[in-house]
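Engineer: Predicted model, plus sequence, below.
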Amino acid sequence: MQIDSKYPECSNIQIFWNVVVGAKGQIVIPSEVRKMIDLNPGDSMIVTVKHGKAIWLVKSSDLESFVEMMQEELKRIKE
């Protein structure tokens, strides 16, 4: 499901389905998501928490574009 919103921070968000956190704190990333971001066994991920509410997982190899996105977010927050 694609979310369309009047709030810019909610644009381009896709929801695939609910995942369950296991007893060891693990989740399974749906295969459609793994294919979409080219996530393969052994790939490194960066975990970021926003406002104590949202968790973002970003492939380490995509760090540069992630940092640019975070800089834009910080700029937006300061405005």
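Structural biologist: Great, that's in hand.
Engineer: now the strands for this structure?
Structural biologist: Counting by DSSP state E, the chain has strands at residues 2-3, 13-14, 45-50, 54-59.
Engineer: And the contacts of the third one?
Structural biologist: Contacts with strand 45-50, where a contact means CB atoms under 8 Å, 6 or more residues apart in numbering, come from Leu39, Ile55, Trp56, Leu57, Val58, Lys59, Ser60, Leu63, Phe66, Met70. C-betas here are computed from N, CA, C, even on glycine.
Engineer: Run through the protein and note the low-pLDDT ranges.
Structural biologist: Residue ranges of the chain with pLDDT under 70: 1-13, 16.
Engineer: and the longest helix for it?
Structural biologist: Secondary structure of the chain per DSSP state H: the longest helix is helix 63-78.
Engineer: Could I get the CA-only coordinates of that one as CSV?
Structural biologist: C-alpha atoms of helix 63-78 as CSV (Å, rounded to 0.1, in the frame of the first residue of the first chain):
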residue,chain,number,x,y,z
LEU,A,63,24.9,5.2,3.7
GLU,A,64,25.8,8.3,1.5
SER,A,65,22.3,8.7,0.2
PHE,A,66,20.9,8.0,3.7
VAL,A,67,23.1,10.8,5.2
GLU,A,68,21.9,13.2,2.5
MET,A,69,18.3,12.3,3.4
MET,A,70,18.9,12.8,7.1
GLN,A,71,20.5,16.2,6.4
GLU,A,72,17.4,17.3,4.5
GLU,A,73,15.3,16.0,7.4
LEU,A,74,17.3,18.0,9.9
LYS,A,75,17.0,21.1,7.7
ARG,A,76,13.3,20.7,7.6
ILE,A,77,13.0,20.3,11.3
LYS,A,78,15.0,23.5,12.0
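Engineer: Brilliant, that's me finished.
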